[in-house]
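Visitor: fold the following for me, if possible:
(one chain, ligands or ions: 1)
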Amino acid sequence: MTRSALTTPPPDATRPRPLPGAPAPGAPLGPHYSRCFGCGDGHPNGLHLTALTPDGISVVAEFTVEETHQGAPGLAHGGVLAAAMDEVIGMSVWLFQRPYVTGRLETDYLAPVPVGTVLHMRAWCNGMSGRKAYLEAEGRIGSPDGPVAVRAAALFIEVAMEHFAKHGDIQTIADEHHEYEVNP
Ligand SMILES: CCCCCCCC/C=C\CCCCCCCC(=O)SCCNC(=O)CCNC(=O)[C@H](O)C(C)(C)COP(=O)(O)OP(=O)(O)OC[C@H]1O[C@@H](n2cnc3c(N)ncnc32)[C@H](O)[C@@H]1OP(=O)(O)O
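Guide: So this is what the prediction gives:
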């Protein structure tokens, strides 16, 4: 992966460890929001990524490239592939049970991805330092051992839950996240 200093963990970064409440290995992760463009099962033309964690600290996911994801005829749009990388990285950092948002996302495109491809994605954390999480992901064509088509490195920044309430749609958050009070 060609990555900048901004997405490279500093020497004092800590290695992530699975938390006690992490999903069981192999259990499906499910969408964090039904209308999410990346994982939402209620999104009419989203990516519909399906994911699980093998170990509580990383995520594997499958993304089937559809006609609605094209850039050039018959080939996936690079921005759509970046969105898929962003999503799978976001799923992996959510395993640490604190809310993070993407600060920076770097992407290498190594091979074209035809419509109909199942992209086998994997995301993991290389280190954490304060509010910053340094993450990486790859997407392989056709199988978990297939050729790598896309790589990404990212810096995610931890935010308070209020970030979503302040900037987003608080009623929908309350409807889907019953543990979150609209008027605490
Ligand atoms: C109640 C329930 C709600 C449900 C929600 C579920 C949770 C999610 C669950 C599952 C996720 C699944 C997947 C989701 C989709 C994938 C994720 C996305 O696409 S997220 C959307 C796109 N990203 C944004 O919209 C961020 C927009 N930016 C911001 O809001 C701010 O800029 C923010 C929060 C990133 C930082 O702002 P500051 O004011 O809090 O903090 P400052 O001081 O600016 O930055 C902190 C440190 O980070 C560095 N930093 C910030 N941005 C950077 C950047 N772009 N590059 C390098 N460094 C950066 C700064 O230099 C600073 O470093 P120094 O502490 O000084 O060392």
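Visitor: CA only for contacts and neighbour counts going forward, please
Guide: Will do.
Visitor: how many other residues sit next to Gly56?
Guide: 21 (other CA atoms under 10 Å).
Visitor: pretty sure it sits against Pro20.
Guide: No - Gly56 is beyond contact range of Pro20, at 9.1 Å (criterion: CA atoms under 8 Å).
Visitor: buried ones in the longest helix along the chain?
Guide: Ranked by residue count under DSSP state H, the longest helix found in the chain is helix 78-94. Buried residues in helix 78-94, defined by neighbour count with 16 or more other CA atoms under 10 Å: 78, 80-94.
Visitor: cool, and stretch 51-59?
Guide: 51-53, 56-59.
Visitor: for that stretch, the distance to its chain's centre please.
Guide: 11 Å (CA atoms, centre = their mean, to the nearest Å).
Visitor: looking only at pLDDT, what's the mean for that stretch?
Guide: Throughout stretch 51-59, pLDDT has a mean value of 95.
Visitor: who touches that stretch?
Guide: 16-19, 22-30, 60-62, 88-89, 91-93, 95-96, 122-125 (CA atoms under 8 Å, 6 or more residues apart in numbering).
Visitor: switch the cut-off to 7 Å
Guide: 16-18, 22-23, 25-29, 60-62, 88, 91-92, 95, 122-124 (CA atoms under 7 Å, 6 or more residues apart in numbering).
Visitor: just the buried ones from these?
Guide: 16, 23, 29, 60-62, 88, 91-92, 95, 122-124.
Visitor: check those residues against the ligand, which are close?
Guide: Under the cut-off given by CA under 6 Å from any ligand atom, the ligand has Met91 from these close to it.
Visitor: give the buried residues for the least confident helix or strand in the chain by mean pLDDT.
Guide: The helix or strand of the chain with the poorest confidence is helix 170-176; it has a mean of 82 (mean pLDDT, DSSP states H and E). By 16+ other CA under 10 Å, the buried positions in helix 170-176 come out as 170, 173.
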